[in-house]
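*Asks:* Here's a sequence, model it:
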Amino acid sequence: METLSTGKDLLFILLLKVGAAASVAAILARSAIFRKVLFTEERDYDQKLKLTLFMTPPLVAGVFLRLVGQPYRFADLTLEGSFILGLLGGRVVGPLGGSIVSLPAFFVRHEWLSMPMAAFAGLLGGLIRQVIPNKEELWNFGPFTFLSIPRWLVRVVRHGRGAWELLPLAACLVLELGRQTLGHMVPARWLFSIDARGPWPFALLLLSTAMAVAVPIKIWNNTRVEMNLEQHQQLLLKARMDALSSQINPHFLFNTLNTVASLIRNDPDMARVVVIKLSNILRQLLRKHETFVPLRAELDFIDDYLDIEVVRFGRDNLQIFKQVDEHTLEAFVPSMLLQPIVENSLRHGLAPKLEGGRIYIRTSAQDGRLAIEIEDNGIGIPEDRLPQIYADGIGISNVHERLRVLYGGDFRMEITSRKGQGTLIRIEVPEVVTALRTAAG
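*Replies:* Next up is the predicted model:
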């Protein structure tokens, strides 16, 4: 047992001790493998072994630093680390990890009680993990859990319910009291501990032991919460995309089926051709849903759709012009991006025209940005309606919303229109290409 000469020395050592525990926890939390093992509640033997192998090396290094010289006494986290191993790993990981951590002190300095004490701390943590019915309660243990003691007492008196997060706190205090008691009963070299003389230094020592356990758990719990939030955001994004796509697809199919219905009465042979084209479109729609597709696939889909619409309008009344940069064909774009815009041009821009209509589709890439333009020579959009274009209708509003969900603020969608001359819609998004094209470049 080592006695510090002044209260300032004790406070400094204890602060460094808590800081060392926080640093080790933060470094381990950067590993994706460690996070996966740590946040798995039911672990197999391989995962338990991985948890032990991740946590014991930094703890062993801390023991070696303490054995090197007196200034590094704060680095020895044998008791706290063993308890954390048991608390998060269970009755096997705790004693095993504690025994491994204490090996340098046991064999180098012959601290004969270091291994039994560390194994007992790991076992106690494992037993607490087993006793707590809901393992989520373990993550509630934090640096300021002791402030909940009055509320816990009121809960026990009024409702007869306890707070499981106070159990690890009590165990930390019992372990440090046990270490101090043994340190006074046996020869000083048998067990390492810091002797704090006086009530306030002793209280600080107890608090530092609890904090050295609570701070790592708090750091890992914050990481766990961030991971859960990110996962929930991804699920929310997928749900929103599915909802938007479900609005687009029925809208498109309804109008296409109306075209087929009108052709059946006037031109049955042509209706058969349109049905075949429609089956190609349906086959693509019924495939596994993908958020992004290559621009080439999106243009092929548009070709099938426009083949149907050319039949509907007549070849003399509808002409399609493409100016597609070959380098953009492998760029990924949101699926069903172009069809709602093209359909909008046909229904609202070209359908009311008496003379022939034209649609231009252009693509280009520059400075890592993909630009797509769809232009028609339709009747245009009234100037007073332009500000409300993203809120009205299904096609344009859904495309804009999908772009916003997928790209955040990193996209542009501009609509310019002149009454009686036509409408131009320009979309700019980050250019994402396939690995094949990137490797070829």
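*Asks:* the strands in this structure, which residues?
*Replies:* 2-3, 194-195, 292-294, 318-324, 332-334, 357-366, 369-376, 412-418, 422-430 (DSSP state E).
*Asks:* quick check: angle from the last one to strand 357-366?
*Replies:* What that stands for is strand 422-430. Relative orientation of strand 422-430 and strand 357-366, computed by axes from the mean of the first three to the mean of the last three Cα atoms, to 10 degrees: 20 degrees.
*Asks:* List the buried residues of strand 422-430.
*Replies:* Buried residues in strand 422-430, defined by neighbour count with 16 or more other Cβ atoms under 10 Å: 422-425, 427-429. The way it works is simple: take the backbone N, C-alpha and C, and place the C-beta from them, glycine included.
*Asks:* How about the third one?
*Replies:* The neighbour-count check on strand 292-294 (16+ other Cβ under 10 Å) flags 293-294 as buried.
*Asks:* just the buried residues of strand 422-430 now: which is nearest residue 407?
*Replies:* Residue 407 has its nearest neighbour among these in residue 429, at 5.9 Å by Cβ to Cβ.
*Asks:* Let me see the contact set for the nearest residue to that closest one once chain neighbours are set aside.
*Replies:* Nearest residue to residue 429, sequence neighbours excluded (Cβ to Cβ, 6 or more residues apart in numbering): residue 411, at 4.9 Å. Going by Cβ atoms under 8 Å, 6 or more residues apart in numbering, residue 411 touches 403-404, 427-430.
*Asks:* 10 Å instead?
*Replies:* Applying Cβ atoms under 10 Å, 6 or more residues apart in numbering to residue 411 gives the contacts 334, 369-370, 400, 403-404, 427-430.
*Asks:* Phi, psi for it please.
*Replies:* Here is the backbone geometry of residue 411 (degrees, to the nearest 10): phi -150, psi 160.
*Asks:* now swap in residue 368 and tell me
*Replies:* phi 70, psi 10.
*Asks:* Let me know the pLDDT of it.
*Replies:* For residue 368, the pLDDT comes out at 87.
*Asks:* Might one say that residue 301 is in contact with residue 308?
*Replies:* No - here residue 301 lies out of contact with residue 308, judged by Cβ atoms under 10 Å, at a distance of 11.6 Å.
*Asks:* Need the residues touching each of the two.
*Replies:* Here residue 301 and residue 308 have 280-281 as joint contacts, going by Cβ under 10 Å, 6+ apart.
*Asks:* which one of the buried residues of strand 422-430 is nearest residue 48?
*Replies:* Using Cβ to Cβ, the buried residues of strand 422-430 come closest to residue 48 at residue 429, 45.8 Å.
*Asks:* mind checking how far the closest one is from residue 114?
*Replies:* From residue 429 across to residue 114, the span is 61 Å (Cβ to Cβ, to the nearest Å).
*Asks:* likewise residue 270?
*Replies:* Relative to residue 114, residue 270 is positioned 89 Å away (Cβ to Cβ).
*Asks:* One more: residue 339?
*Replies:* Separation of residue 339 from residue 114 (Cβ to Cβ) stands at 71 Å.
*Asks:* I'd like to know how far the closest residue to residue 407 other than its chain neighbours sits from residue 32.
*Replies:* Ranked by Cβ to Cβ, 6+ apart and with sequence neighbours excluded, the top spatial neighbour of residue 407 is residue 429, at 5.9 Å. As defined by Cβ to Cβ, residue 429 lies at a distance of 29 Å from residue 32.
*Asks:* Residue 179 too?
*Replies:* Taking Cβ to Cβ, one finds residue 179 at 35 Å from residue 32.
*Asks:* in the stretch 251-400 of the chain, what spans have low per-residue confidence?
*Replies:* Regions of the stretch 251-400 of the chain meeting the criterion pLDDT under 70 cover residues 251-252, 255-256, 284-290, 312-316, 354, 391-394.
*Asks:* how about the helices in it?
*Replies:* Using DSSP state H, counting those that start in this stretch, the helices assigned to the stretch 251-400 of the chain run over residues 268-285, 295-313, 339-344, 395-407.
*Asks:* buried set for the first one?
*Replies:* Going back to what we said before, that points to helix 268-285. Neighbour-count burial for helix 268-285, counted by 16+ other Cβ under 10 Å, picks out 271, 274, 277-278, 280-281.
*Asks:* Where does the prediction get shaky in the stretch 51-200 of the chain?
*Replies:* In the stretch 51-200 of the chain (pLDDT under 70), the answer is 146-163.
*Asks:* hang on, the earlier thing: mind putting the helices of the stretch 251-400 of the chain into CSV with distance to residue 42?
*Replies:* As requested, those are arranged in CSV below (distance: least, Cβ to Cβ, whole Å):
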stretch, distance to residue 42
helix 268-285, 40
helix 295-313, 42
helix 339-344, 46
helix 395-407, 35
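*Asks:* Indicate which one of those helices is closest to residue 67.
*Replies:* Closest among the helices of the stretch 251-400 of the chain, using Cβ to Cβ: helix 395-407, at 55.3 Å.
*Asks:* what packs against the closest one?
*Replies:* Identification of packing neighbours for helix 395-407 by 3 or more Cβ pairs under 10 Å, 6 or more residues apart in numbering; DSSP states H and E yields helix 199-266, strand 332-334, helix 339-344, strand 412-418, strand 422-430.
*Asks:* what distance separates it from the centre of its chain?
*Replies:* Between the centre of helix 395-407 and the centre of its chain there are 22 Å (Cα atoms, centre = their mean, to the nearest Å).
*Asks:* and that helix, which residues are buried?
*Replies:* Applying 16+ other Cβ under 10 Å to helix 395-407 flags 395-403, 405-406 as buried.
*Asks:* now stretch 103-120
*Replies:* Result for stretch 103-120 [16+ other Cβ under 10 Å]: buried residues 104-106, 111, 113-120.
*Asks:* ends of it, how far apart?
*Replies:* End-to-end distance of stretch 103-120 (Cα to Cα, to the nearest Å): 14 Å.
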